[in-house]
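>>> okay, structure incoming, though there's no sequence with it:
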């Protein structure tokens, strides 16, 4: 999941990992849809957005279909691709990860983002 603005780094406990794995998809859908900040769900294998809320559609200046068809690499500056590779190589086997990154909007504006990554059955 992804949201703005950045708030630094932290590490979650093992209990948080168990909680994240047990979240029902419907609870997560509701949390994402109702969030006032941009949030989306990324499929780690395809690197595609598989869910995005209205705030993400507005902030990223894209249609929902555009968000679903574009790979996440297209919103990352080149230096962000290295971090994405590390995150995807980890396959989310560890505890939830909080970090921050930058995304590029279609008009090339740099957008600071907070990234929260954890396993989720969608």
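Received it, and whenever you're ready, just let me know what you need. Please read all numbers here as calculations on a predicted model, not as lab measurements.
>>> contacts and neighbour counts: CA atoms only from here.
OK.
>>> pretty sure residue 116 contacts residue 99?
Yes. With contact defined as C-alpha atoms under 8 Å, residue 116 counts as touching residue 99 (6.7 Å).
>>> so residue 68 versus residue 52, what's the distance?
8 Å (C-alpha to C-alpha, to the nearest Å).
>>> those two - which one has more neighbours?
residue 52 (22 against 19; other C-alpha atoms under 10 Å).
>>> ok, now how distant is that one from residue 59?
Relative to residue 59, and taking C-alpha to C-alpha, residue 52 is found at 11 Å.
>>> find residues that contact each of the two.
Common neighbours of residue 52 and residue 59, counting by C-alpha atoms under 8 Å, 6 or more residues apart in numbering, are residue 38.
>>> show me where this structure has strands.
2-3, 10-11, 40-43, 48-52, 97-104, 110-117 (DSSP state E).
>>> just checking: what are the partner strands of the fifth one?
The one in question is strand 97-104. strand 10-11 (antiparallel), strand 110-117 (antiparallel) (DSSP bridges).
>>> likewise the third one?
Strand 40-43 has the following sheet partners, assigned by DSSP bridges: strand 48-52 (antiparallel).
>>> let me see the ranges of the helices in the protein.
14-22, 25-34, 54-59, 64-69, 78-89 (DSSP state H).
>>> now the second one and strand 48-52, what's the angle there?
This means helix 25-34. Put simply, helix 25-34 runs at 80 degrees to strand 48-52, going by axes from the mean of the first three to the mean of the last three C-alpha atoms, to 10 degrees.
>>> now do helix 25-34: distance to the chain's middle.
14 Å (C-alpha atoms, centre = their mean, to the nearest Å).
>>> poorly predicted segments of this protein, please.
1-23, 91-94 (pLDDT under 70).
>>> burial of residue 90, as a residue count?
10.
>>> again but with residue 45, I slipped
9.
>>> what's the answer for residue 37, then?
16.
>>> I'd assumed residue 58 was in contact with it.
No. Counting by C-alpha under 8 Å, residue 37 sits too far from residue 58 to count as a contact (10.0 Å).
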